[in-house]
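S.K.: sequence and computational prediction follow.
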Amino acid sequence: MKGLNRREDKLFIDEVSLEDIAKEYGTPVYVYSGSKLKENLKGYLSSIREKDKICYSVKSNSNIHLLELLADLGSGFDVVSGNELRKCLEAGAKPEDIVFSGVGKTEEELVLAIKENIFSINIESEEELDRIIKTAKDLEKKAQCMIRINPDISSESHPYIQTGLKTSKFGILREGIDSIVEKASKSRLINLKGIASHVGSQIFNKELIFENLNLLIEIANNLIRQGHALSYIDLGGGLGISYQEERELKPREVLEEVISRLEPLNLNLLLEPGRSISGNTGVLLSKVEYLKKTSDLNFAVIDSGMNDLLRPSLYQAWHNISVVATNNQKELSYTVVGPVCESGDTFGEDRILSLDEDSILAIHDAGAYGHVMSSNYNSRLRPPEILVEGQEIKVIRRRETFDDLLRQERDV
């Protein structure tokens with residue numbers, strides 16, 4: 001079996017018992033299914049044409065072992081920092097399969113991107129374009145670019161993961177496109193490959209995708225009529241995963257229609273999926289430390305905190321929580337909380353669970369925006385990451401130690 005599955009009253013990742021993982025490697029610990037990761041990527045790759053590109057969004061999970069696995073299968077990468085770019089190159093990614101997004105690219109990052117001749121630096125503002133032109137001139141080398149459009153479209157998700165509204169910091173508003181394109185063209189230092197847009201994350205409404213696509217096609221046609229040789233439309237990412245029984249959009253059902261609209265225009269497609277590739281591949285395992293009962297609530301205090309998994313505290317995000325190995329305890333309604341000294345350190349409320357103080361819990365769908373957003377808040381140590389494929393177990397990040405915590409403070 002691929003991914004999370006239950007058998008004989010115990011949870012497994014692929015063919016490996018999560019109870020055994022917790023005993024062997026301790027908690028908290030992130031565990032990923034390599035088989036599920038591959039399956040999710042192949043769902044995209046099998047739905048596109050030869051020149052189309054799937055560029056995995058590295059910010060969703062940047063462990064280099066996972067990047068290597070994806071690169072080996074032919075994935076491209078969407079990066080938002082110089083170090084993400086360096087990681088992808090270290091993982092064996094081809095520069096021509098890397099796009100660089102984000103509003104705050106430094107001079108150092110632009111130098112790296114231009115020197116490596118990556119597929120595209122996605123221009124987010126006129127000010128950034130000015131910096132790219134200057135950097136390209138200094139390097140005496142053309143920059144490969146696309147222009148990121150702000151479509152002013154709501155993704156109907158949490159405000160913090162909407163990136164396509166007019167009030168967002170991302171992209172260039174429609175009224176500014178022509179002047180940006182003209183400046184890029186006149187510089188003779190920009191190879192403009194296409195236009196890009198990303199409306200946000202956790203999209204379940206297909207009409208939002210096609211509203212964005214129609215806008216990009218209209219803009220692309222206008223620029224082509226002006227004589228600009230565009231070859232790509234970057235539709236971003238954002239397909240949602242089911243944290244709480246939402247109906248997911250499958251890549252194939254979306255991409256067949258997207259491609260059918262692009263083919264007559266001789267435009268290629270670039271996508272930047274992240275969560276929909278890595279999100280449902282992972283769980284965070286955590287041990288119950290205390291079962292605390294008050295007159296109003298039952299608290300399950302676990303050894304994972306908001307420093308390990310920030311999404312519930314930051315986004316009020318729902319993650320299913322289940323017991324790794326069933327027991328004979330009575331089911332009760334629990335508020336599942338962590339040890340961090342913040343009231344927001346809560347993973348779930350009114351969760352019906354059968355628990356004792358030795359129970360191991362699995363927090364589901366933690367493969368995206370989990371470990372990558374972890375921190376040392378409260379001087380807590382970041383957890384290890386384990387990759388499982390079939391019956392094979394591989395430690396892909398060791399557990400942080402107290403010496404690790406002090407090293408950068410002592411070695412100065």
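M.R.: Structure received.

S.K.: and residue 225, how many neighbours?
M.R.: 8 (other C-beta atoms under 10 Å). C-betas here are computed from N, CA, C, even on glycine.

S.K.: check what pLDDT it gets.
M.R.: You'll see residue 225 listed with a pLDDT of 93.

S.K.: partner strands of the helix or strand hosting residue 147 and their direction?
M.R.: Assessed by DSSP states H and E, residue 147 sits inside strand 143-150. Using DSSP bridges, the strands paired with strand 143-150 in its sheet are strand 120-123 (parallel), strand 172-173 (parallel), strand 190-196 (parallel).

S.K.: since we're on residue 256, how many residues are nearby?
M.R.: A count of nearby residues for residue 256, using other C-beta under 10 Å, gives 11.

S.K.: contacting residues for it?
M.R.: Remark: with contacts taken as C-beta atoms under 8 Å, 6 or more residues apart in numbering, residue 256 is in contact with residue 47.

S.K.: that one looks like it's in a helix, true?
M.R.: Yes: applying DSSP: H, G, I helix; E, B strand; the rest coil, one finds residue 256 inside a helix.

S.K.: against residue 114, how distant is it?
M.R.: Relative to residue 114, residue 256 is positioned 36 Å away (C-beta to C-beta, to the nearest Å).

S.K.: in which helix or strand does the residue lying farthest from the centre of the chain reside?
M.R.: With distances taken from the mean C-alpha point of the chain and given as C-alpha atoms, centre = their mean, the most distant residue is residue 295, at 40.3 Å. Assessed by DSSP H and E, residue 295 sits outside every helix and strand.

S.K.: for it, grab phi and psi.
M.R.: Summarising the backbone geometry of residue 295 under the convention degrees, to the nearest 10, its torsions are phi -70, psi -20.

S.K.: quick check: it vs residue 20, distance?
M.R.: Between residue 295 and residue 20 the distance, using C-beta to C-beta, works out to 38 Å.

S.K.: next: residue 98.
M.R.: Residue 98 sits 38 Å away from residue 20, taking C-beta to C-beta as the criterion.

S.K.: higher neighbour count, the two?
M.R.: The residue with the greater number of neighbours, taking residue 98 and residue 20 and applying other C-beta under 10 Å, is residue 98; the counts read 25 against 13.

S.K.: contact partners for that one?
M.R.: By C-beta under 8 Å, 6+ apart, residue 98 lies in contact with 55, 76-79, 85, 88-89, 116, 118-119.

S.K.: restricted to strands, list the residues you listed.
M.R.: Judged by DSSP state E, the contacts of residue 98 include 55, 76-79 as members of strands.

S.K.: just the buried residues of those.
M.R.: Among these, the ones that count as buried by 16 or more other C-beta atoms under 10 Å are 55, 76-79.

S.K.: closest one of those to residue 396?
M.R.: Minimum separation from residue 396 among these (C-beta to C-beta) is found for residue 77, which lies at 17.4 Å.

S.K.: which residues touch that closest one?
M.R.: Contacts for residue 77 (C-beta under 8 Å, 6+ apart) come out as 55-56, 58, 67, 70-71, 84, 88, 93, 97-99.

S.K.: okay, the residues you listed in CSV with pLDDT and distance to residue 389 next?
M.R.: Putting the contacts of residue 77 into CSV (pLDDT from 0 to 100; distance: C-beta to C-beta, whole Å) gives the following:
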residue, pLDDT, distance to residue 389
55, 98, 23
56, 98, 18
58, 98, 21
67, 98, 15
70, 98, 13
71, 98, 16
84, 98, 24
88, 98, 21
93, 98, 20
97, 98, 23
98, 98, 25
99, 98, 28
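
S.K.: neighbour-wise, which of the residues you listed leads?
M.R.: residue 56 (33 neighbours).

S.K.: which residues touch the nearest residue to it once chain neighbours are set aside?
M.R.: Counting by C-beta to C-beta, 6 or more residues apart in numbering, residue 56 lies nearest to residue 75, which is 4.9 Å off, once chain neighbours are set aside. For residue 75, the contact set (C-beta under 8 Å, 6+ apart) comprises 41, 45, 54-56, 93, 97.

S.K.: show the pLDDT at the residue most central in space within the chain.
M.R.: By C-alpha atoms, centre = their mean, the mean C-alpha position of the chain lies nearest to residue 60, the distance being 2.1 Å. According to the model's per-residue confidence, residue 60 sits at a pLDDT of 97.

S.K.: how near is it to residue 174?
M.R.: Computed with C-beta to C-beta, the distance linking residue 60 and residue 174 is 28 Å.

S.K.: ditto for residue 395
M.R.: Where residue 174 is concerned, residue 395 sits at a distance of 48 Å (C-beta to C-beta).

S.K.: show me what residue 100 is bridged to.
M.R.: residue 79, residue 121.

S.K.: what's around residue 311, how many residues?
M.R.: When neighbours are defined as other C-beta under 10 Å, residue 311 has 21 of them.

S.K.: got a list of what it touches?
M.R.: 317, 319, 369-370, 373.

S.K.: restricting to C-alpha, output the longest helix along the chain in PDB.
M.R.: Among the elements of type helix in the chain, defined by DSSP state H, the one spanning the most residues is helix 206-225. Extracted as PDB, the C-alpha positions of helix 206-225 are listed here (Å, rounded to 0.1, in the frame of the first residue of the first chain):
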ATOM      1  CA  LYS A 206     -12.000  24.600 -11.000                       C
ATOM      2  CA  GLU A 207     -13.700  27.900 -12.200                       C
ATOM      3  CA  LEU A 208     -11.000  29.900 -10.400                       C
ATOM      4  CA  ILE A 209      -8.300  28.200 -12.300                       C
ATOM      5  CA  PHE A 210     -10.000  28.900 -15.700                       C
ATOM      6  CA  GLU A 211     -10.800  32.500 -14.700                       C
ATOM      7  CA  ASN A 212      -7.000  33.000 -14.100                       C
ATOM      8  CA  LEU A 213      -6.200  31.100 -17.300                       C
ATOM      9  CA  ASN A 214      -8.600  33.100 -19.400                       C
ATOM     10  CA  LEU A 215      -7.000  36.300 -18.100                       C
ATOM     11  CA  LEU A 216      -3.500  35.100 -18.900                       C
ATOM     12  CA  ILE A 217      -4.500  34.000 -22.400                       C
ATOM     13  CA  GLU A 218      -6.000  37.400 -23.100                       C
ATOM     14  CA  ILE A 219      -2.800  39.200 -21.900                       C
ATOM     15  CA  ALA A 220      -0.600  36.800 -23.800                       C
ATOM     16  CA  ASN A 221      -2.500  37.300 -27.000                       C
ATOM     17  CA  ASN A 222      -2.200  41.100 -26.600                       C
ATOM     18  CA  LEU A 223       1.500  40.800 -26.100                       C
ATOM     19  CA  ILE A 224       2.000  38.400 -29.000                       C
ATOM     20  CA  ARG A 225       0.100  40.900 -31.300                       C
END
